[in-house]
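*Asks:* fold the following, please.
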Amino acid sequence: MNFRYLLLFSVLTSCFIFAGCGAAIVGGAAYGGYKGATDQRSIGTMMDDSVMSTKVKSRMINDEFVKARNIDVDVLNGIVYLIGVVESSSQKRMAADIARGVEDVRKVENQLLVGKSSIGQEFDDTMLTSKIKVKLLQTSDIRSTNIDVDTYNNVITLTGIVRTHQERDKVIYVVQKVAGNRQIVNNLSVGK
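*Replies:* Alright, predicted model coming up:
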């Protein structure tokens, strides 16, 4: 248990060392209101997507086989994106089946990776995600609060809604500069 506290302390300390992280954390309080004001989905759609995401994640957590610890569930306009790492192809299929079983799911994009992730890899992924988020926050003409950045085993996934194709291209460019030669999965949609 002490190792977990040491790891948590190390992650938080490292985050503050990187430029801009302190501002990102302090600014986090305003995030919810800003995201709601800039998201192009209607309030009803945002609520539906949020409820759907919660239902999918809850069902996965309650499933003993899927082990949803390393699965992120993002929902945009009724499309469920499963992002993360599972131990087997069977778990990957079962996670998608669980998501499809939730009412009003239009489509499931199963982008789960099959494999394992070490504590060191999870730390590296967290640090890379933080660097990307900070860089997006610092870049003008990008509404970064509308973009979810997830990194699992060096695969970066971008999910969200941007206003224009130019904004999407700029986001990808900024992320590529930080990510180097790592794989980037683009789930960004333009407009509604």
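
*Asks:* how about the residue nearest the centre of the chain: which residues does it bridge to?
*Replies:* Taking C-alpha atoms, centre = their mean as the criterion, residue 150 is the residue nearest the geometric centre of the chain, at 3.6 Å. Residue 150 forms beta bridges with residue 157, as assigned by DSSP bridges.

*Asks:* which residues touch residue 170?
*Replies:* Shown in contact with residue 170 (C-beta atoms under 8 Å, 6 or more residues apart in numbering): 139, 141-142. C-beta: built from backbone N, CA, C; applies to glycine.

*Asks:* now, those residues that are in helices?
*Replies:* Residues of the contacts of residue 170 located in helices (DSSP state H): none.

*Asks:* select from the residues you listed the one having the most neighbours.
*Replies:* Using other C-beta atoms under 10 Å as the neighbour test, the contacts of residue 170 are led by residue 142, with 19 neighbours.

*Asks:* quick check: phi and psi at that residue.
*Replies:* Here is the backbone geometry of residue 142 (degrees, to the nearest 10): phi -120, psi 120.

*Asks:* could you do residue 181 as well?
*Replies:* Backbone torsions of residue 181, given as degrees, to the nearest 10, read phi -90, psi 20.

*Asks:* next, count neighbours for it.
*Replies:* Residue 181 is flanked by 6 other residues according to other C-beta under 10 Å.

*Asks:* give me the nearest residue to residue 160, chain neighbours excluded.
*Replies:* Spatial nearest neighbour of residue 160, chain neighbours left out: residue 147 (4.0 Å); criterion: C-beta to C-beta, 6 or more residues apart in numbering.

*Asks:* who touches that neighbour in this structure?
*Replies:* Taking C-beta under 8 Å, 6+ apart, one finds 136, 158-160, 162, 171, 188 in contact with residue 147.

*Asks:* ok, the residue nearest to the centre of the chain to residue 42 distance?
*Replies:* Residue 150 sits 25 Å away from residue 42, going by C-beta to C-beta, to the nearest Å.

*Asks:* which stretches in this protein count as strands?
*Replies:* Remark: strands assigned in the chain by DSSP state E are 71-76, 79-86, 107-114, 147-152, 155-162, 184-190.

*Asks:* just the contacts of residue 170 now: which is nearest residue 102?
*Replies:* residue 142 (31.1 Å; C-beta to C-beta).
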